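1. Below are the sequence and a predicted model for it; my questions follow.
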Amino acid sequence: MRAYMRLHARSAVLSRDKKRSFFEIPKRLRSPERRDRWLAAISSENEDRSHWSPVNSRAICSDHFVSGRPSKDALHPDYVPSIFPHRPHSLQKAEHSLKRYQRHEDTSSKRKCKQRLDFEETLSERNTATDLGVALLDEHTAQATDNDISTQTHETREQTLITNLHEEIQNLTQEKEEAIQHLDELKVRYKGVQLSSCVIKDNDAKSRFYTGLTWAVFLQTFNFFASHVSGRTKDSLASIDQFFITLVRLRLDLPFELISDIAACGETTVRDYFWKWIDVMYAKLSFLLKWPEKDAAAQTLPPEFKVLYPRLTGTVDCFEIFIENAGNLLARQQT
């Protein structure tokens, strides 16, 4: 099982651990829904990569709860364990959730207090109205005084409620901005590891390595071909990325399977893009291929080729293979 989980069997060892508390995973018979949520949060695996399911008397330590212990309130962040070292920012998210829960509880308690005070005021007004022993002048005076106090208290409560709502809005706005910033950072990281034209943008060294062209030449070449290619709105890759992976395939001879994995695109789709751009380059660059006349080719052939291949007019796909020099002098002479 993963090393970051502190799951232990119930035994005497638990009583010897004074720094942490351990809490048993909910039973399926008592709380099936809560047990499933705990197991989903833990999401542990066995050594054979199969899904781990706990047996009886399994527990989880207090380090995985932001308040140090689970809560029975379904709205509380510690209703399910949420802090795990292998999950980035899990502690910060749990602390944000706890603060938000506490603000919600404060707002609810204030709302209940307001309702209770309103009820007491209403009850007091009814008791005052039913008191027949009070003189008419005193009744009017007391009623006027109660109305002034009630008005001032009501205005104070409304002002407090408005202030709390503004604070809640500011906190939510800040959380939203942090989430958007984190999403933008993840997008930049994803583009950095994905095989696309962004890897070589404004970088001639990488552009030569991947395509054999500088970035300016690559961009001009793409613009020349792009004017003759009709793009589709449902394409998995942009047109410039399609042209880029085509040149990468020609330059580095990478398998289609590897390109599809790095470019986050299906293998069949990568093959279709490759042959589409090959057809476009053939249609627009075929005029550059000039085969020499037979007499001109015969004049440039090596003498050995003229003897062994008298009808040879050209050599296609000629390449060299560099090998290490042999230690034996005879073997080195033969190679």
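-> Alright, I've got the coordinates. Numbering: from 1, shown residues only.

2. Per the annotation, how does this structure divide into domains?
-> According to automatic domain parsing, the chain is divided into the following domains: 7-87, 92-193, 198-288, 291-335.

3. Mean pLDDT added to those domains, as JSON lines?
-> Formatted as JSON lines, the entries for the domains of the chain read as follows, by pLDDT from 0 to 100:
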{"stretch": "domain 7-87", "mean pLDDT": "70"}
{"stretch": "domain 92-193", "mean pLDDT": "73"}
{"stretch": "domain 198-288", "mean pLDDT": "88"}
{"stretch": "domain 291-335", "mean pLDDT": "80"}
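
4. mind putting those domains in a markdown table, mean neighbour count included?
-> (Each C-beta comes from the backbone N, C-alpha and C, glycine too.) Putting the domains of the chain into a markdown table (neighbours: other C-beta atoms under 10 Å) gives the following:
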| stretch | mean neighbour count |
| --- | --- |
| domain 7-87 | 14 |
| domain 92-193 | 12 |
| domain 198-288 | 15 |
| domain 291-335 | 9 |
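
5. residues touching the residue lying closest to Phe244 once chain neighbours are set aside, list them.
-> Across the structure, with C-beta to C-beta, 6 or more residues apart in numbering as the measure, the residue nearest Phe244 apart from its sequence neighbours is Ser197 (4.4 Å). Shown here is Ser197, whose contacts under the criterion C-beta atoms under 8 Å, 6 or more residues apart in numbering are Ala238, Ile240, Asp241, Phe243, Phe244.

6. Same list, the residues you listed, but as CSV with secondary structure and distance to Gln299 please.
-> Compiled in CSV, those are given as follows (DSSP: H, G, I helix; E, B strand; the rest coil; distance: C-beta to C-beta, whole Å):
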residue, secondary structure, distance to Gln299
Ala238, coil, 48
Ile240, helix, 44
Asp241, helix, 45
Phe243, helix, 39
Phe244, helix, 41
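
7. tell me the pLDDT at the residue nearest to Phe244?
-> Per-residue confidence (pLDDT) for Ser197: 85.

8. Distance-wise, check it relative to His89.
-> With the distance defined as C-beta to C-beta, to the nearest Å, Ser197 ends up 31 Å from His89.

9. List the contacts of the closest residue to Glu167 other than its chain neighbours.
-> What sits nearest to Glu167 in space, not counting adjacent residues and going by C-beta to C-beta, 6+ apart, is Arg103, at 7.7 Å. Arg103 makes contact with Glu167, Glu168, Asn171, according to C-beta under 8 Å, 6+ apart.

10. Among the residues you listed, which one sits closest to Phe218?
-> Each of these was scored against Phe218 by C-beta to C-beta, and Asn171 proved nearest at 47.5 Å.

11. Tell me the spacing between that closest one and Lys112.
-> Counting by C-beta to C-beta, the gap from Asn171 to Lys112 is 21 Å.

12. what do you get for Arg34?
-> In this structure, Arg34 and Lys112 are 27 Å apart, going by C-beta to C-beta.

13. where exactly do the strands run in the protein?
-> Chain-ordered strands for the chain, with DSSP state E as the definition, fall at 7-9, 22-24, 58-61.

14. Could you check how far the second one is from the centre of its chain?
-> By that I understand strand 22-24. Offset of strand 22-24 from its chain centre (C-alpha atoms, centre = their mean, to the nearest Å): 31 Å.

15. Parallel or antiparallel, list what pairs with it.
-> strand 58-61 (antiparallel) (DSSP bridges).

16. excluding its backbone neighbours, what's nearest Trp291?
-> Leaving aside its sequence neighbours, Trp291 sits nearest to Gly314 (C-beta to C-beta, 6+ apart; 7.0 Å).

17. if I pick the one you found, what's in contact with it?
-> The contact partners of Gly314, taken as C-beta under 8 Å, 6+ apart, are Trp291, Pro292, Ala297.

18. which ones are touching the last one?
-> Looking back up the chat, that one is Ala297. Each residue near Ala297 by C-beta under 8 Å, 6+ apart is listed here: Leu312, Thr313, Gly314.

19. show me where the stretch 151-300 of the chain has helices.
-> For the stretch 151-300 of the chain, the helices defined by DSSP state H, counting those that start in this stretch occupy 204-211, 215-226, 239-252, 256-262, 267-285, 294-300.

20. what's Ile200 sitting at in phi/psi?
-> Note on Ile200: its backbone torsions stand at phi -110, psi 0 [degrees, to the nearest 10].

21. That one contacts Thr214, doesn't it?
-> No. Under the criterion of C-beta atoms under 8 Å, Ile200 makes no contact with Thr214, lying 9.4 Å away.

22. Common neighbours of those two, please.
-> Between them, Ile200 and Thr214 share these contacting residues under C-beta under 8 Å, 6+ apart: Ser207.

23. So which residues make contact with stretch 106-117?
-> Applying C-beta under 8 Å, 6+ apart, the set of residues contacting stretch 106-117 from outside is Thr153, Arg157, Thr160, Leu161, Asn164, Glu168.
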